[in-house]
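> I need the structure of the sequence given here:
(one chain, ligands or ions: 2)
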Amino acid sequence: MERKRMVVKIGSSSLANREGGIAIDRLERFSKAIAHLHDQGHELILITSGAVAAGFQHVGYATRPVTTEKKQAAAAVGQGLLMEAYQHAFMKEGMKVGQLLLTRESFQEEHQYNNAYATLQELLKRRILPIINENDSIAVEELTFGDNDWLASLVAGLIKADALALLTDVNGVYDRHPHHPNAHKKDSIDVITADMLVQADSHRSTLGSGGMRSKLEAARNAQTFGIQTFIGKGDAPRGLQAIMDGNGDGTYVYAKPNHLWPKEKQWVGIYSPVEGELVIDEGAKDALLYGGKSLLSVGVRAVKGTFSKGSVVAVFDERHGPVGKGRATIAADDMRTRLDEQPAITFIHRDHWVSTSKGSVCSDGM
Ligand SMILES: Nc1ncnc2c1ncn2[C@@H]1O[C@H](COP(=O)(O)OP(=O)(O)O)[C@@H](O)[C@H]1O
Ligand SMILES: N[C@@H](CCC(=O)OP(=O)(O)O)C(=O)O
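Ligands and ions are numbered 1, 2, ... in the order given. Sure thing, here's the model as predicted:
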């Protein structure tokens, strides 16, 4: 049997009681479903929401809070309760768990990104289930993921998962709100259209925060990573098995046939902060986009900004069209003085370059 790596995200709506607190029976059902796949040798990573929903009653709020400080206080209490419940549930299944709390910065800051990756790999190697949530209590509001759907798609990309399952309180994506009498479920989706996003925007459950829109956006992100997403309930004891086998009761969002970049290129292409700009001529653009070559000084028309060796710079053509991003081999000032050097020197090596002008975040064979 082929061993698969699956990222499973469970939303607050599936884990929490309407009036707050954890629905232990449901959490245990999900734990059993995960343990079933784990026992067969598959690799599972759990992204869990529910800290705010689990904690708000304990803090003394009557309903799920809306202000940042109240949500953060509820999450500070709820995250511990949530992990305690998971520890207990997975111990009964003979599984060990480890907790990672991530923020957007965990992806943007290269050391954190590498460390998160290394921790995940080590936990998987030791057959310990990584349980991930956003670090709600310290995340700056403007920087938060807000819901965990997007975070789940990023983690799926980082660890090159074979599949992503977004488990929620509804058994798939409908062509209108599922409460509507004429709503029809979609068994599969090839292309996520703007109309689908608009329709899905308007309603969400009382406990969740992203609604169906954020799931579709995350699925679209996973699609570009070459990863298939399932959206549905998946809470039966063999629910995840069915999802992995392609028989889940929900909606499959098919992957594009892309091959995901290796970890370092993903960081450069997607998450890295841009610290400067290079403007290049048409010959250099062709060499980068279609020749699989490195960027040489001879093709560079202008060096903008102040950056050091190893910084990531954005590269534009002479009409200001974006071409890609790459790691500078030398600092900006050195580049400016060495623009005309003969023989030409490498400003960005092909191993540290990603083309973004093709609209792809993945290798297309080059
Ligand atoms: N087109 C749609 N198909 C299915 N569900 C939809 C659709 N549009 C909106 N929804 C709502 O999305 C909700 C799930 O999102 P959300 O409340 O954020 O859950 P979670 O906590 O699992 O992330 C469903 O309960 C449903 O009310
Ligand atoms: N990190 C937050 C997630 C917030 C949330 O509701 O997300 P979701 O249920 O995935 O829409 C928590 O644990 O409460």
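> do I have it right that Glu217 meets Leu151?
No. Glu217 lies out of contact with Leu151 (CB atoms under 8 Å); the separation is 11.8 Å. Every residue, glycine included, has its C-beta placed from N, CA and C.
> for the two, indicate the residue with more neighbours.
For Glu217 and Leu151, the more surrounded residue by other CB atoms under 10 Å is Leu151, and the numbers stand at 25 against 18.
> can you count the residues close to the closest residue to Gln40 other than its chain neighbours?
Closest residue to Gln40 apart from its sequence neighbours, by CB to CB, 6 or more residues apart in numbering: Met1 at 6.9 Å. Counted with other CB under 10 Å, the neighbours of Met1 add up to 6.
> show me the contacts for the residue nearest to the spatial centre of the chain.
Central residue of the chain (CA atoms, centre = their mean): Leu154, 1.5 Å from the mean position. Leu154 makes contacts with 107, 221, as judged by CB atoms under 8 Å, 6 or more residues apart in numbering.
> cool, and Lys9?
By CB under 8 Å, 6+ apart, the contact list for Lys9 reads 46-49, 148-149, 151-152, 164-167.
> and which of these is nearest to Ile227?
Nearest to Ile227 among the contacts of Lys9: Leu164, at 5.5 Å, using CB to CB.
> that closest one - that's part of a strand, no?
Yes. Secondary structure of Leu164 (DSSP: H, G, I helix; E, B strand; the rest coil): part of a strand.
> sort out which residues of the lengthiest strand in the chain are buried, please.
Taking DSSP state E as the criterion, the chain has its longest strand at strand 346-355. By neighbour count on 16 or more other CB atoms under 10 Å, the buried set for strand 346-355 is 347-348, 352-355.
> between those, which is nearest ligand 2?
Val354 (29.2 Å; CB to the nearest ligand atom).
> in the sheet, which residues pair with that closest one? Tell me.
Beta bridges link Val354 to Lys325 when assigned by DSSP bridges.
> with Ile47 instead?
Under the criterion used (DSSP bridges), Ile47 bridges to Lys9, Ile132.
> hmm, it is touching Ser12, no?
No. Counting by CB under 8 Å, Ser12 is not a contact partner of Ile47; they are 11.9 Å apart.
> quick one, which of those two is more surrounded?
Comparing Ile47 with Ser12 by other CB under 10 Å, the one with more neighbours is Ile47, at 28 against 25.
> so how far does stretch 272-292 reach from one end to the other?
By CA to CA, to the nearest Å, the extent of stretch 272-292 from end to end equals 21 Å.
> which parts of this protein sit against ligand 2?
Residues of the chain found near ligand 2 (CB under 6 Å from any ligand atom) are 11-13, 49-53, 75, 133-134, 136, 147-149, 208-210.
> any idea where the strands of the stretch 1-150 of the chain begin and end?
For the stretch 1-150 of the chain, the strands defined by DSSP state E, counting those that start in this stretch cover 5-10, 43-48, 97-102, 129-134.
> how about those strands, which one is nearest ligand 1?
Among these, strand 5-10 comes nearest to ligand 1, with 7.3 Å by CB to the nearest ligand atom.
> how does the chain divide into domains?
Structural domains annotated on the chain: 5-253, 264-355, as defined by the TED database.
> quick one: residues contacting Ala302.
So Ala302 contacts 277-279 (CB under 8 Å, 6+ apart).
> try 7 Å this time
Applying CB atoms under 7 Å, 6 or more residues apart in numbering to Ala302 gives the contacts Val279.
> list the buried residues for the host helix or strand of it?
Secondary structure assignment for Ala302, by DSSP states H and E: strand 300-304. The neighbour-count check on strand 300-304 (16+ other CB under 10 Å) flags 300, 303 as buried.
> again with stretch 189-196
Under the neighbour-count criterion of 16+ other CB under 10 Å, stretch 189-196 has 189, 192, 196 buried.
> close enough to count as contact, the first one and Gly250?
No. Applying CB atoms under 7 Å as the test, Ile189 and Gly250 come out as separate, 11.0 Å apart.
> and Tyr61, how many neighbours does it have?
When neighbours are defined as other CB under 10 Å, Tyr61 has 17 of them.
> what ranges do the helices span in the stretch 151-300 of the chain?
Counting by DSSP state H, counting those that start in this stretch, the stretch 151-300 of the chain has helices at residues 194-201, 211-224, 239-245, 263-266, 282-290.
> same list (those helices) but as JSON lines, adding distance to Gly324 and mean pLDDT.
As requested, the helices of the stretch 151-300 of the chain are exported to JSON lines (distance: least, CB to CB, whole Å; pLDDT from 0 to 100):
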{"stretch": "helix 194-201", "distance to Gly324": "26", "mean pLDDT": "84"}
{"stretch": "helix 211-224", "distance to Gly324": "16", "mean pLDDT": "92"}
{"stretch": "helix 239-245", "distance to Gly324": "35", "mean pLDDT": "95"}
{"stretch": "helix 263-266", "distance to Gly324": "11", "mean pLDDT": "91"}
{"stretch": "helix 282-290", "distance to Gly324": "6", "mean pLDDT": "96"}
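> out of those helices, the one nearest Phe316 is which?
For these, proximity to Phe316 was assessed by CB to CB; helix 282-290 is nearest, at 9.4 Å.
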